[in-house]
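Peer 1: Provided below for reference: sequence and predicted model.
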Amino acid sequence: MEKFVDLVLLFFSFSFLGWCIEVVLKYRQFHRFINRGFLAGPWLPIYGSGAVLITLAVGDISRYEFAYGTTFAISFVVCGAVEYLASWYMEKRFHARWWDYSQKPMNLHGRVWIGNLILFGLGGVLIIHVINPALFPLFDAAPLRARQVAAGALAAVFAADFVMSHFVLKLVKLGVERSEADNTEEIGREIRLLLSDRSYFHRRFADAYPEVTYRTERISARIAGIRAETEKLRAEAEQRFEARKEQLAASLEPTGAIKNTVICNQCDLIDLLYDDATATDEMRRIKKTIDADLERLKDRGAMGRP
C-alpha cells in the first residue's frame, strides 16, 4: 500500500514538473503564458505516466543491473511507446493530431522522433539516478496517513478535471465532425470560434494547442482521392510518353535503312526457297542477276548482309 501511495505521489510530481517544462518551452516560442495539456490543472499526465513506468521497469531489473545505459535504453523505449500510443489514441478518439513530428528526422508516423527519444532516455537517467533517490526520502519523511490523504485529494481533483476536460474535447470532436470546411486551417478557426464564447476552460483548451492539426474522414478521403488522381494522371502521362517515343523513333528511322532491311530479308527468303537442282533456266538467270546486283551494292558500301 505504501509503495502504491508513493507511486501516485510520484505520478503527480512528474506530471507537474512536465507541465512546468512545457509552459516554459511554449513561453519561449510564443512569448506568452500557455496552460499546456488537455487538463485544466497544472499537470501533464503523459510525463507522470512515463516516470512511473520507468521507475517500475528499472526497479524490476535493478537486482541484476543498475547501469546508466540500461536506464537510458528502458526510458528510450518506454517513454517513446507512451508518446506514440497517446498520440494515436487522441487522434482516433477526437479526430485531431495534437503534435506532429513528420518534418523531423527519423520519425515514426510523425508521432515520435529520435530527438525526443534521446531526451526521454536522458530524462530517465536523471529520474532514476538523481531525482528519485532524493524524492522518495522526502515521501518517507511524511507520515503514511498524510501521504494517503494527499494522494487521495490529488486523485479526486484529477478525476474531476479529467471528466470536465473530456466534455470539452467532446465538444471539439463534434465541431470537427460537423464542420463543412475541407482543410484543417478552416476547421481550426471554426473550433476557436466555437470555444471563444464559452467558459474559461473551453477557451483555455483553444490556446493550449495553437498548432493542432484537425483531421476528419472527409479531409482524409479528399487527400486520398487527390493522391489517387495524381497517380492515375502520372501513369497516363507515362503511357502517352512511351507511345510517342516509339512513334518518334519510327519516324526518324532513315529510308535507306528501311530499304536495306527489306533487301536483306528478301535475300534471306530467296536463299530459303531457291534450290539450284530444281531451278529452271529462268530462275537461275534471275538469281544470277540478283547476286550480281548485290555484289555491286556491296562494292559501293550501300548494304551488307549479316
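Peer 2: Now that the structure is in, tell me what you want to look at.
Peer 1: now do the same for I191: its pLDDT.
Peer 2: Note for I191: predicted pLDDT of 49.
Peer 1: got it, and A292?
Peer 2: If you check A292, the pLDDT there is 80.
Peer 1: burial of it, as a residue count?
Peer 2: When neighbours are defined as other Cβ atoms under 10 Å, A292 has 9 of them. Where you see a C-beta, it was placed from the backbone N, CA and C, and this is true even at glycine.
Peer 1: with D140 instead?
Peer 2: Using other Cβ under 10 Å, D140 is surrounded by 12 other residues.
Peer 1: what about the helix or strand containing F16, distance to the chain center?
Peer 2: F16 is part of helix 2-30 when elements are defined by DSSP states H and E. Put simply, helix 2-30 sits 28 Å off its chain's centre (Cα atoms, centre = their mean, to the nearest Å).
Peer 1: please name every helix or strand in contact with the helix or strand just after it.
Peer 2: Once helix 2-30 ends, the next helix or strand along the chain (criterion: DSSP H and E) is helix 45-61. Contacts defined by 3 or more Cβ pairs under 8 Å, 6 or more residues apart in numbering; DSSP states H and E place helix 45-61 against helix 2-30, helix 68-94, helix 114-126.
Peer 1: those: which one's closest to A150?
Peer 2: Nearest to A150 among the helices and strands packed on helix 45-61 is helix 2-30 (6.7 Å), distances taken as Cβ to Cβ.
Peer 1: just the mean pLDDT for the closest one, thanks.
Peer 2: 90.
Peer 1: show me the shaky parts of the stretch 101-250 of the chain.
Peer 2: Scanning the stretch 101-250 of the chain for pLDDT under 70 picks out the ranges 171-226, 245, 247-250.
Peer 1: do a quick rundown of the strands in it.
Peer 2: 107-108, 112-113, 213-214 (DSSP state E, counting those that start in this stretch).
Peer 1: can you give me the distance of Y89 to G124?
Peer 2: 22 Å (Cβ to Cβ, to the nearest Å).
Peer 1: what about those two, which has more around it?
Peer 2: A count of neighbours by other Cβ under 10 Å puts G124 above the other of Y89 and G124, at 28 against 10.
Peer 1: quick check: the more buried one touching F72?
Peer 2: Yes: the pair G124 / F72 is scored as a contact, 6.4 Å apart, by Cβ atoms under 8 Å.
Peer 1: and the residue most central in space within the chain, its phi and psi?
Peer 2: Central residue of the chain (Cα atoms, centre = their mean): H109, 2.5 Å from the mean position. Torsion angles at H109 (phi, psi; degrees, to the nearest 10) stand at phi 60, psi 20.
Peer 1: now Q103
Peer 2: With angles defined as degrees, to the nearest 10, Q103 sits at phi -90, psi 0.
Peer 1: neighbours of it, how many?
Peer 2: 8.
Peer 1: kindly report the same for L169.
Peer 2: The tally of other residues near L169 (other Cβ under 10 Å) stands at 15.
Peer 1: just to check, it is in contact with F38?
Peer 2: Yes: the pair formed by L169 and F38 meets the contact definition of Cβ under 8 Å, at 6.6 Å.
Peer 1: that older thread, what's the closest non-adjacent residue to the residue nearest to the centre of the chain?
Peer 2: Nearest-residue entry for H109: Y84, 7.8 Å, with adjacent residues in sequence omitted and distances by Cβ to Cβ, 6 or more residues apart in numbering.
Peer 1: coming back round to it: of the helices and strands packed on helix 45-61, which is nearest V52?
Peer 2: It is, among these and with distance given as Cβ to Cβ, helix 2-30, at 5.1 Å.
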